[in-house]
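>>> My questions are about this predicted structure, shown below with the sequence.
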Amino acid sequence: MSASTQVIRGACPHDCPDTCALLTTVTDGVAVKVQGNPAHPQTGGVLCTKVSRYTERTYHPERVLTPLRRTGPKGSGRFEPVGWAEALDDIAARLQAIAIRDPQAILPYSYAGTMGLVQGESIAARFFHRLGASRLDRTICASAGAAGLEYTLGGKLGMRVEFFAESRLILIWGSNSIGSNLHFWRYAQEAKRQGAKLVCIDPRRSETADKCHEHLAILPGTDAALAYALMHECIVHGWLDHGYIARHTLGWPQLRDRALEWPPERAAAVCGIAAEQIVKLAQDIGRCFERQEPIAIRLNYGMQRTRGGGNAVRAVACLPAVLGAWRHRAGGLLLSNSGAFPLQRDVLQRPDLLQRSGVPAPRFINMSTIGDDLLRPASPEFGPRIEALVVYNSNPVAVAPESGKVAAGFARDDLFTVVLEHFLTDTADHADYVLPATTQLEHWDIHASYGHTDVLLNRPAIAPLGQAWPNTQIFRELARRMGFDEPCFNDDDETLCRQAFGAAVDFDTLLQQGFASLPLPDAPFAAGGFPTPSGKCEFFSERLQAQGMDGLPQVLPNHEAVGSDPRYPLAMISPPARHFLNSTFVNVQSLRDVEGEPVLEMHPDDATPRGVADGDRVIVFNDRGRYECVARVGQRARPGVVNGLGIWWRKLGLNGTNVNELTHQRLTDLGRAPTFYDCLVEVRRA
Ligand SMILES: Nc1nc2c(c(=O)[nH]1)N[C@H]1C(S)=C(S)[C@@H](COP(=O)(O)OP(=O)(O)OC[C@H]3O[C@@H](n4cnc5c(=O)[nH]c(N)nc54)[C@H](O)[C@@H]3O)O[C@H]1N2
Ligand SMILES: Nc1nc2c(c(=O)[nH]1)N[C@H]1C(S)=C(S)[C@@H](COP(=O)(O)OP(=O)(O)OC[C@H]3O[C@@H](n4cnc5c(=O)[nH]c(N)nc54)[C@H](O)[C@@H]3O)O[C@H]1N2
Ligand code: SF4
Ligand SMILES: [Mo]
């Protein structure tokens with residue numbers, strides 16, 4: 001290694017449960033290679049293909065490297081370079097003018113472009129709190145499942161991912177682990193080598209389903225019915241841990257009665273699969289139960305994007321308690337462990353600053369209905385019309401549902417829009433100003449994880465490219481111009497990293513090795529101790545009942561259930577393409593080359609009667625819009641369901657739209673989340 005070569009420890013910033021530890025090799029100030037840190041057990045020295053190409057993204061010739069001001073119509077993507085001072089002075093003045101009338105007419109829009117706690121919601125949150133802007137209800141991904149867990153287990157807590165390697169039966173439920181949770185899949189494979197059985201529950205025959213022993217290709221949104229039928233079989237056959245149920249659960253008699261209404265035949269009709277498949281899975285569960293072998297469920301967010309998503313998570317989350325699976329560290333369930341992190345959110349985000357804004361409790365705007373909300377006039381219920389948007393870490397024009405309306409909202413001439421970005425995305429194309437942000441290789445950050453239980457530190461590996469600034473610096477400079485003189489706006493990024501967990505995580509360990517494991521028990525609920533009001537796993541939720549809802553997990557039909565509209569006979573789901581991460585990486589040529597074109601997977605039973613052959617260009621449509629893509633006819637799709645793999649940039653698609661042109665803005669039962677996979681369409685040849 002030459003004297004000018006260094007290796008810098010970092011963390012993958014992407015919205016992925018794996019939160020890998022990175023090692024970036026820097027030669028003469030240039031990042032030449034990004035690898036997985038072999039010292040971090042969860043990463044094991046391995047990265048996914050996407051992030052192995054990180055330098056290609058960082059040094060992409062189309063990176064935005066100076067502030068830009070719009071010169072063409074909104075959406076045209078025509079801009080001119082402008083200096084930082086000029087851009088920030090103008091932005092501050094424009095926001096100030098709106099804030100004087102009503103700061104709630106200003107809305108921040110952000111999500112998980114980076115999962116970093118510092119470049120995510122730290123100075124930005126302080127800024128918008130101090131301003132009194134509308135608050136964003138961040139629901140676009142996980143809030144239905146989060147609510148389902150919260151009402152059942154008491155929080156986003158579950159099995160430690162590493163112990164899946166010791167499980168004997170693993171249900172991979174609503175997750176394409178090979179594509180979106182690769183490091184979990186390594187543990188599942190280890191278990192498989194030790195003789196475990198793997199079962200995939202997914203409407204799509206995903207890459208993961210290919211590699212499991214069994215695949216239950218249920219219709220989207222029917223998971224609760226399946227969970228109840230499995231409970232039915234456990235009750236009928238006596239595969240019940242009576243001791244665990246008695247000591248650590250609430251509402252068993254009611255749950256038992258409800259489950260007995262769901263024999264496998266009834267559930268099979270709802271799920272669109274053979275009853276034998278359900279019976280067989282129940283027998284696998286029963287066999288493990290009788291041998292006292294650990295049974296584990298890797299639940300993931302793919303199964304909570306339909307109307308009943310929250311209740312479906314509740315129903316599935318009851319199973320491990322019924323079986324007493326939590327007694328073993330390799331048994332139970334994992335959806336997310338993010339509740340295990342001792343994050344000092346209020347220290348980072350300073351919601352107390354709302355008191356200084358003059359608007360102590362600004363309204364919430366649900367990010368999943370941004371299409372409608374941008375087009376909504378002022379009214380007593382809604383409040384002021386949205387006059388300004390500040391977007392960072394997100395690409396709503398591509399990722400939010402019913403994107404025709406989102407794009408129409410962003411195209412409003414009377415809307416003032418600022419976008420902090422790396423690239424001219426579909427969203428940035430609609431901005432009045434685009435501000436160049438640094439990437440993970442160029443800034444400090446600190447990370448929790450939703451798939452493992454380690455904290456990771458990210459140190460900058462290279463200097464910011466061009467004139468790019470970290471999000472934090474952009475908001476610090478805006479705060480100064482708005483006259484916000486609270487000392488917390490001077491905190492630098494390393495200080496913010498230290499504030500995130502305070503004394504709860506040893507910062508020296510992070511500085512030295514790049515990661516630190518939380519001190520957690522091996523089996524979180526082996527002896528109960530659920531953080532619910534009752535301290536038990538709540539099969540029956542009095543909190544939900546008090547809100548006028550069913551206290552038990554419900555089986556809810558989709559908003560757009562199959563058969564409910566003869567014009568649109570096909571259900572469409574839109575799970576991620578493996579080589580993109582949401583809409584990130586779509587503009588990285590080597591990854592786009594692998595994905596080829598926007599694809600719709602169809603079963604031959606649906607393709608043949610429509611005269612669609614493999615490789616044909618097709619139009620997918622419903623009342624909301626049309627999306628052109630290429631049909632891939634084969635066994636990945638089950639009959640009656642088409643898979644429109646996401647999430648392409650609209651402008652890189654075949655007709656300037658993407659799959660969200662077809663999705664709608666109706667929400668889930670719990671958690672106010674979008675229902676991307678609850679969508680009816682029809683398909684014809686282009
Ligand atoms: N490569 C890659 N990795 C990613 C992402 C990405 O875009 N690309 N996205 C990241 C993000 S933001 C998230 S939230 C996580 C998501 O993590 P996961 O939820 O594990 O992600 P997916 O791979 O989308 O798996 C969802 C699976 O659910 C299936 N599915 C759809 N509807 C239903 C249903 O009603 N019931 C059941 N049982 N299954 C259903 C889909 O066919 C799909 O195979 O992944 C993260 N990782
Ligand atoms: N149809 C359909 N729609 C979906 C989904 C689906 O499965 N199907 N999945 C949904 C899910 S699970 C999610 S989580 C959302 C994801 O939606 P988003 O969170 O909006 O994710 P991305 O599309 O990856 O866009 C993130 C943007 O942040 C930018 N970015 C990254 N790091 C930084 C930074 O440090 N600073 C700044 N300023 N910008 C940065 C990236 O360049 C990128 O353009 O999409 C949802 N939309
Ligand atoms: S996207 Fe996921 S698997 Fe890939 S490097 Fe990042 S954390 Fe690891
Ligand atoms: Mo997500």
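Yep, that arrived. Because the structure is a prediction, the values reported are computed rather than measured. Ligands and ions are numbered 1, 2, ... in the order given.

>>> and stretch 168-179, does that touch ligand 2?
No: using C-beta under 6 Å from any ligand atom, stretch 168-179 stays clear of ligand 2, with a minimum separation of 10.6 Å. In this view, the C-beta of every residue, glycine as well, is placed from N, C-alpha and C.

>>> I'd like to know the average pLDDT value across that stretch.
Here stretch 168-179 scores 97 as its mean pLDDT.

>>> roughly how far is it from the heart of the chain?
Centroid separation between stretch 168-179 and its chain, computed with C-alpha atoms, centre = their mean, to the nearest Å, is 16 Å.

>>> Which residue is the nearest non-sequential neighbour of whatever residue of the stretch 151-300 of the chain ends up closest to ligand 2?
Here the residue of the stretch 151-300 of the chain nearest ligand 2 is residue 180; by C-beta to the nearest ligand atom that distance is 9.4 Å. By the measure of C-beta to C-beta, 6 or more residues apart in numbering, the closest residue to residue 180 outside its immediate chain neighbours is residue 576, 6.1 Å from it.

>>> Find me the pLDDT at that neighbour, would you?
The predicted local distance difference test score for residue 576 is 94.

>>> after the longest helix anywhere in the chain, next one along is what?
Of all the segments assigned as helix in the chain under DSSP state H, the longest by residue count is helix 84-101. Of the helices and strands lying after helix 84-101 in sequence (DSSP states H and E), the nearest is strand 106-110.

>>> So what are the sheet partners of that next one and their directions?
Strand 106-110 has these partner strands in its sheet, going by DSSP bridges: strand 388-392 (parallel).

>>> Just checking, which helix or strand succeeds the partner strand along the chain?
Using DSSP H and E, the helix or strand that directly follows strand 388-392 along the chain is helix 396-399.

>>> Run the chain-centre distance for that following helix.
Going by C-alpha atoms, centre = their mean, the spacing between the C-alpha centre of helix 396-399 and its chain's C-alpha centre is 14 Å.

>>> Mind checking if that helix is in reach of ligand 2?
Yes: using C-beta under 6 Å from any ligand atom, a contact is recorded between helix 396-399 and ligand 2, made by 398-399.

>>> Average pLDDT for that helix, rounded please.
Here the average pLDDT along helix 396-399 is 98.

>>> Pull out the buried residues from the helix or strand just after that helix.
Taking DSSP H and E as the definition, the helix or strand that follows helix 396-399 towards the C-terminus is helix 403-410. Buried residues in helix 403-410, defined by neighbour count with 16 or more other C-beta atoms under 10 Å: 403-407, 409-410.

>>> Dig out what the residue in the stretch 451-600 of the chain that ligand 3 sits nearest to forms beta bridges with.
Scanning the stretch 451-600 of the chain for the residue nearest ligand 3 gives residue 581, at 5.9 Å (criterion: C-beta to the nearest ligand atom). On the basis of DSSP bridges, residue 581 takes part in beta bridges with residue 584.

>>> Most widely separated two among the buried residues of helix 403-410?
Across the buried residues of helix 403-410, no pair lies farther apart than 404 and 410, at 11.1 Å, counting by C-beta to C-beta.

>>> what's the burial count for the residue in the stretch 551-686 of the chain that ligand 1 sits nearest to?
Among residues of the stretch 551-686 of the chain, the one nearest ligand 1 by C-beta to the nearest ligand atom turns out to be residue 576. It sits 3.0 Å away. Number of residues near residue 576 (other C-beta atoms under 10 Å) recorded here: 16.

>>> cool, residue 165 as well?
Residues contacting residue 165 under the criterion other C-beta under 10 Å number 18.

>>> before we move on, what about the one 4 residues further on?
Burial of residue 169 is recorded as 23 neighbouring residues (other C-beta under 10 Å).

>>> What backbone torsions are found at residue 296?
With angles defined as degrees, to the nearest 10, residue 296 shows backbone torsions of phi -130, psi 150.

>>> just residue 42 next, same as before
Note on residue 42: backbone dihedrals following degrees, to the nearest 10 are phi -70, psi -30.

>>> List the residues that contact it.
In this structure, residue 42 makes contact with 18-21, 161-162, 183, 451-452, 454, judged by C-beta atoms under 8 Å, 6 or more residues apart in numbering.

>>> Now with 10 Å, please.
18-21, 36, 161-162, 183-184, 186-187, 449, 451-454, 456, 515, 517 (C-beta atoms under 10 Å, 6 or more residues apart in numbering).

>>> Out of those, which end up buried?
Those of the contacts of residue 42 that meet the buried threshold are 18-21, 36, 161-162, 183-184, 186-187, 449, 451-454, 456, 515, by 16+ other C-beta under 10 Å.

>>> Just the buried positions in stretch 136-143, please.
Within stretch 136-143, the residues that count as buried by 16+ other C-beta under 10 Å are 136-143.

>>> Count the neighbours of the residue in the stretch 1-150 of the chain that ligand 2 sits nearest to for me.
Of all residues in the stretch 1-150 of the chain, residue 113 sits closest to ligand 2, at 2.1 Å by C-beta to the nearest ligand atom. Applying other C-beta under 10 Å, we find 27 other residues in the vicinity of residue 113.

>>> same thing with residue 612?
Close neighbours of residue 612, defined as other C-beta under 10 Å, add up to 21.

>>> Also residue 78?
Close neighbours of residue 78, defined as other C-beta under 10 Å, add up to 13.

>>> which residues touch the nearest residue to it once chain neighbours are set aside?
If the residues on either side of it in the chain are set aside, residue 78 comes closest to residue 72, at 2.9 Å by C-beta to C-beta, 6+ apart. Residues touching residue 72, when contacts are defined by C-beta under 10 Å, 6+ apart, comprise 78-80, 429.

>>> who wins for most neighbours among these?
Counting neighbours by other C-beta under 10 Å, residue 429 leads the contacts of residue 72 with 24 neighbours.

>>> picking up where we left off before, so which other helices or strands are in contact with the longest helix of the chain?
Under the contact criterion of 3 or more C-beta pairs under 10 Å, 6 or more residues apart in numbering; DSSP states H and E, helix 84-101 touches strand 68-70, strand 106-110, helix 123-131, strand 388-392, strand 416-421, strand 433-436, helix 471-481.

>>> right, so of the ones you listed, which gets closest to residue 511?
Within the helices and strands packed on helix 84-101, the stretch nearest residue 511 is helix 471-481; the backing value is 19.0 Å (C-beta to C-beta).

>>> Got the confidence number for residue 53?
With respect to pLDDT, residue 53 has a value of 89.

>>> Number of residues surrounding it?
Other residues lying near residue 53 total 18 when counted by other C-beta under 10 Å.

>>> surely it meets residue 588?
Yes: the pair formed by residue 53 and residue 588 meets the contact definition of C-beta atoms under 10 Å, at 6.2 Å.

>>> what does the stretch 301-450 of the chain have sitting close to ligand 1?
In this structure, the stretch 301-450 of the chain approaches ligand 1 at residues 301-303, 306, judged by C-beta under 6 Å from any ligand atom.

>>> ChimeraX command for the buried members of those?
Typed into ChimeraX, the line below selects the buried ones among those, using 16+ other C-beta under 10 Å:
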select :301,302,303,306
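
>>> Among the residues of the stretch 301-450 of the chain next to ligand 1, name the ones in strands.
When DSSP state E defines the strands, the subset of these inside them is empty.

>>> And the residues of the stretch 301-450 of the chain next to ligand 1, which is closest to ligand 1?
Ranking these by separation from ligand 1, with C-beta to the nearest ligand atom as the measure, puts residue 302 on top at 2.1 Å.

>>> Spatially, which residue comes closest to that closest one, not counting chain neighbours?
Beyond its immediate neighbours in the sequence, the residue positioned closest to residue 302 (C-beta to C-beta, 6+ apart) is residue 174, lying 4.0 Å away.
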